[in-house]
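> only the shape, not the letters, is given here:
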């Protein structure tokens with residue numbers, strides 16, 4: 001259910017404080033999404049993860065997602081792990097971890113058309129490398145900025161509604 005719909009339902013039930021706490025949880029989630037983009041930018045550049053390879057479970061633990069999410073993103077064409085020639089295991093490098101972090105930021109509870117459009121860009125071959133990862137991070141951050149602006153406008157409208165209703 002969309003946040004706005006939930007907020008209106010709380011207001012209709014005269015549970016204004018619950019509506020405000022819901023909005024607080026959404027803001028906290030936005031902060032987590034921003035940190036995921038920052039982590040992706042850190043991973044995309046040279047650093048201690050350079051040359052390391054992680055199996056699916058290790059990558060999932062490192063990035064705080066489920067292994068099934070990683071496998072789903074790979075099947076969907078968003079990730080490009082290499083296979084270990086001896087074991088056949090998927091192996092993820094720092095750029096794949098960065099992409100996982102960006103996908104985590106896009107994995108918003110209320111899926112939007114903007115998120116869907118941006119996820120499609122993950123499939124573009126020209127965005128596979130380090131520069132592509134940086135481009136994707138920039139796009140995800142722009143989307144988060146847009147969501148923040150929209151949320152501020154929604155807060156303003158909600159305050160107007162509270163005044164109108166005498167709450």
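Arrived safely, thanks for sending. Keep in mind that what you see is a predicted model, and the values were worked out from it rather than measured. Numbering: from 1, shown residues only.
> strands of this structure, start to end?
Using DSSP state E, the strands of the chain run over residues 82-83, 90-91.
> and the spatially most central residue of the chain, how far is that from residue 130?
The centre of the chain sits closest to residue 105, judged by Cα atoms, centre = their mean, with a distance of 1.2 Å. Here the criterion is Cβ to Cβ, to the nearest Å. By it, residue 105 lies 18 Å from residue 130. For every residue, glycine as well, the C-beta is placed using N, CA and C.
> one more: residue 124?
Distance from residue 124 to residue 130, by Cβ to Cβ: 15 Å.
> show me what the longest helix anywhere in the chain is packed up against.
When the chain is parsed with DSSP state H, its longest helix is helix 130-165. Counting contacts by 3 or more Cβ pairs under 8 Å, 6 or more residues apart in numbering; DSSP states H and E, helix 130-165 is packed against helix 3-12, helix 16-44, helix 94-106, helix 113-121.
> can I get the ones you listed in CSV including mean pLDDT?
What follows is those, written out as CSV (pLDDT from 0 to 100):
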stretch, mean pLDDT
helix 3-12, 86
helix 16-44, 91
helix 94-106, 95
helix 113-121, 87
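> compare those and give me the one nearest residue 61.
If you check each of those against residue 61 by Cβ to Cβ, helix 94-106 wins as the nearest, at 11.3 Å.
> give me the angle between the closest one and helix 113-121.
160 degrees (axes from the mean of the first three to the mean of the last three Cα atoms, to 10 degrees).
> now the angle from helix 94-106 to helix 16-44?
On the basis of the same axes, to 10 degrees, helix 94-106 is oriented at 170 degrees to helix 16-44.
> so what touches helix 94-106?
Contacting residues not belonging to helix 94-106 are listed as 33-34, 36-37, 39-41, 43-44, 47, 49-50, 52, 54, 59, 62-65, 69-70, 73, 78-81, 92, 115, 118-119, 122, 128-130, 133, 136-137, 140, 143-144 [Cβ atoms under 8 Å, 6 or more residues apart in numbering].
> ok, stretch 149-161 next?
Residues contacting stretch 149-161 (Cβ under 8 Å, 6+ apart): 4, 7, 11, 19, 23, 26, 27, 30.
> closest to residue 165 among those?
Using Cβ to Cβ, these come closest to residue 165 at residue 11, 7.3 Å.
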